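Asker: one predicted model, sequence on top.
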Amino acid sequence: MNSTRQMIRRVELPKFIGRASSVIVKYPTPIVAFILLLALIYTMYFIIIVKNFITMPLDTTQAYQNVIYATAALSSFFVIFSRNKFKDHSYMFFFLNSRVKPFELVLSGYAFIYISYVLIITLMFTPFLIIFWYQGEFHSTLDVIVLFLALTFVFCYSCTVWILTNLIVKQIFSKSEDQFYLTSFLYFAILGATLYILTYVIEKYVIYRVSSFLIILVLLFLALRWILIRSSTIYLNNIFIQLNSEGSRNKKQSLHFQHKNSYYLNMKLEWLHLYRNNVLKEQSLVFFILVLISFTLYFTLTDYDFVIFNLYLINFGLKEIFILFSLTIGISYRKYRNASYLLNHKESYYFIPRFFLVLLMNLLVHILYMGISYVFMKQSLANIITFSTLCSIFFITSFSMAVGFFIKINDSNKAVVIVLAIVFVNIYDFVIFNVLKAAVYIDLFNVLISIVFLLFIITNYIRKPFFK
């Protein structure tokens with residue numbers, strides 16, 4: 001484990017500090033303003049949650065189960081969207097030329113992702129911990145420690161299952177090909193089945209025996225460590241084989257754009273970026289999983305419970321799709337900045353087609369999901385296209401685009417940025433809904449904030465010397 005600490009201290013930490021300091025040095029005032037805004041919004045969220053739920057009787061067993069499933073979904077999101085983190089020549093260098101063991105390399109690579117996971121969970125569930133403590137459900141500090149270890153186990157287990165499913169798929173198919181859909185479906189099947197069995201056994205037999213629960217967690221951690229040690233070498237070796245083979249593959253078919261309309265040309269260029277960088281593939285998988293979960297819940301829950309869970313799917317699942325589509329604009333801007341300069345287009349030619357393309361895609365995703373819910377699950381179409389819905393999608397698109405331009409996003413931090421954006425958007429919606437209340441004021445505020453984000457992008461990024 002000493003090598004793991006050395007890797008974190010000498011490799012991962014300098015990377016993080018370098019990226020953070022570069023952003024802070026360039027934009028000190030917006031960073032301070034944004035941090036103060038986050039603190040204000042979170043404080044209001046904390047107060048509203050505690051105020052509304054402090055006197056409501058809560059089921060401890062059901063709460064444990066819901067938290068486990070929620071953290072499993074969060075950790076799965078981190079693992080899948082960080083799957084290309086080790087496709088980096090620096091990791092290959094340490095793998096081949098140092099004494100760092102493969103499993104220590106994997107642990108150091110996931111260290112900051114785990115810290116982000118713990119931070120998000122802490123911020124989201126601290127109000128509920130206060131409520132449970134107030135109601136006398138937590139009898140000692142040991143209960144909180146065991147809960148923390150359980151959530152840590154969920155993250156470690158998700159990473160281990162992802163590694164094992166990769167090994168299984170690559171053993172059956174080509175080691176140099178990325179079988180994304182097959183690996184993801186197998187991963188969710190194994191993770192969901194095993195977590196369901198574990199939560200059922202723990203809920204039935206040992207949840208009220210803290211000492212037994214703690215012993216089981218320790219044994220499970222030891223089993224995960226043994227599996228990780230045995231599988232990390234093959235896992236990293238397969239990744240580096242795929243990394244080297246990507247350079248020798250046949251080049252993608254070149255496309256020649258000869259459009260007189262510059263707006264259409266830029267829209268087609270952005271669509272090509274979404275397609276070739278597997279953004280559409282990833283989000284189609286997310287959308288399919290959302291629909292599958294909706295079908296499962298529709299046939300297993302009561303109508304009232306299904307409506308509540310369906311709102312959660314919309315607030316977290318659909319918004320994730322909206323956010324990632326919008327972030328991609330900023331990612332492609334940083335990636336193809338010099339190419340945009342060579343096109344020598346006006347600012348409006350670059351920005352307007354991309355903004356409306358993403359806005360239209362987000363709107364179509366919303367309409368498609370609501371349409372499927374109406375046809376197959378008999379849900380109302382009252383909110384399919386309303387002014388409030390349009391304002392909300394407009395805000396999410398503008399905010400996410402601003403984040404994409406402001407932060408340099410890569411495979412190492414993409415999952416963290418997306419999750420933080422989802423959490424921010426949901427807390428923002430929750431606070432604004434409880435403070436302003438009237439739909440007219442909420443819509444007006446969303447539009448004004450969205451315009452501010454767009455002006456921030458245009459003023460700081462879409463300008464000379466890269467555009468006319």
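Answerer: It's in. Numbers count the residues shown, from 1 in each chain.
Asker: which other helices and strands does the lengthiest helix in the chain contact?
Answerer: Taking DSSP state H as the criterion, the chain has its longest helix at helix 210-248. The contact analysis (3 or more C-beta pairs under 8 Å, 6 or more residues apart in numbering; DSSP states H and E) places helix 210-248 against helix 89-97, helix 102-109, helix 141-172. C-beta here means a position set from N, CA and C on the backbone, and glycine is covered the same way.
Asker: next up, the contacts around Lys414.
Answerer: 81-82, 327 (C-beta atoms under 8 Å, 6 or more residues apart in numbering).
Asker: just put the residues you listed in TSV and tack on distance to Arg9.
Answerer: Formatted as TSV, the contacts of Lys414 follow (distance: C-beta to C-beta, whole Å):
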residue	distance to Arg9
Phe81	25
Ser82	20
Leu327	30
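Asker: quick revisit: right, and the helices and strands packed on helix 210-248 - which one's nearest Lys335?
Answerer: Lys335 lies closest to helix 89-97 among the helices and strands packed on helix 210-248, at 17.8 Å (C-beta to C-beta).
Asker: for that closest one, give the mean pLDDT please.
Answerer: Mean per-residue pLDDT for helix 89-97: 85.
Asker: if we can go back for a sec, most surrounded residue in the contacts of Lys414?
Answerer: Within those, neighbour counts (other C-beta atoms under 10 Å) peak at Leu327, which reaches 24 neighbours.
Asker: for that residue, pull up the helix or strand it's in.
Answerer: Under the criterion of DSSP states H and E, Leu327 resides in helix 319-335.
Asker: return the set of buried residues in that helix.
Answerer: Using 16 or more other C-beta atoms under 10 Å as the test for burial, helix 319-335 gives 319-333, 335.
Asker: that one packs against which elements?
Answerer: Here helix 319-335 touches helix 262-276, helix 279-300, helix 347-377, helix 387-406, helix 414-435, going by 3+ C-beta pairs under 8 Å, 6+ apart.
Asker: buried set for the third one?
Answerer: In this case it means helix 347-377. Of all the residues in helix 347-377, those buried under the rule 16+ other C-beta under 10 Å are 349-351, 353-355, 357-359, 361-363, 365-366, 369-370, 372-373.
Asker: low-confidence stretches in the chain?
Answerer: Low-confidence segments of the chain (pLDDT under 70): 1, 139, 174-176, 202-210, 245-261, 305, 343, 382-383, 463-468.
Asker: returning to what we had before: of the helices and strands packed on helix 319-335, which approaches Thr60 most closely?
Answerer: Comparing the helices and strands packed on helix 319-335 under C-beta to C-beta, the one sitting nearest is helix 279-300, at 22.7 Å.
Asker: which residues touch the closest one?
Answerer: By C-beta under 8 Å, 6+ apart, helix 279-300 touches 80-81, 180-181, 184, 188, 273-274, 305-306, 309-310, 313, 317-318, 320-321, 324-325, 328, 365, 368-369, 372-373, 376-377.
Asker: if we use 6 Å, what do you get?
Answerer: Counting by C-beta atoms under 6 Å, 6 or more residues apart in numbering, helix 279-300 makes contact with 184, 274, 306, 309, 313, 317, 321, 328, 372, 377, all of which sit outside it.
Asker: CSV please, covering those and showing distance to Ile115.
Answerer: Below are the contacts of helix 279-300 laid out as CSV (distance: C-beta to C-beta, whole Å):
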residue, distance to Ile115
Ser184, 25
Leu274, 30
Phe306, 35
Phe309, 29
Leu313, 27
Gly317, 24
Ile321, 26
Thr328, 25
Ile372, 37
Met377, 38
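Asker: right, and Tyr117 touches Ser158 too?
Answerer: No - if you go by C-beta atoms under 6 Å, Tyr117 and Ser158 don't touch, sitting 9.5 Å apart.
Asker: and Ala70, what helix or strand is that in?
Answerer: Per DSSP H and E: helix 60-81 holds Ala70.
Asker: can you name the residues in contact with that helix?
Answerer: Helix 60-81 is contacted from outside by 113, 117, 137, 151, 154-155, 158-159, 162, 195, 199, 203, 414-415, using C-beta under 6 Å, 6+ apart.
Asker: same check on stretch 30-48?
Answerer: Here stretch 30-48 makes contact (C-beta under 6 Å, 6+ apart) with 24, 127, 427-428, 431, 434.
Asker: circling back to that earlier point, and the next helix or strand past the helix holding Leu327?
Answerer: Next element after helix 319-335 (DSSP H and E): helix 337-343.
Asker: other SSEs contacting that next one?
Answerer: Packing partners of helix 337-343 (3 or more C-beta pairs under 6 Å, 6 or more residues apart in numbering; DSSP states H and E): none among the helices and strands.
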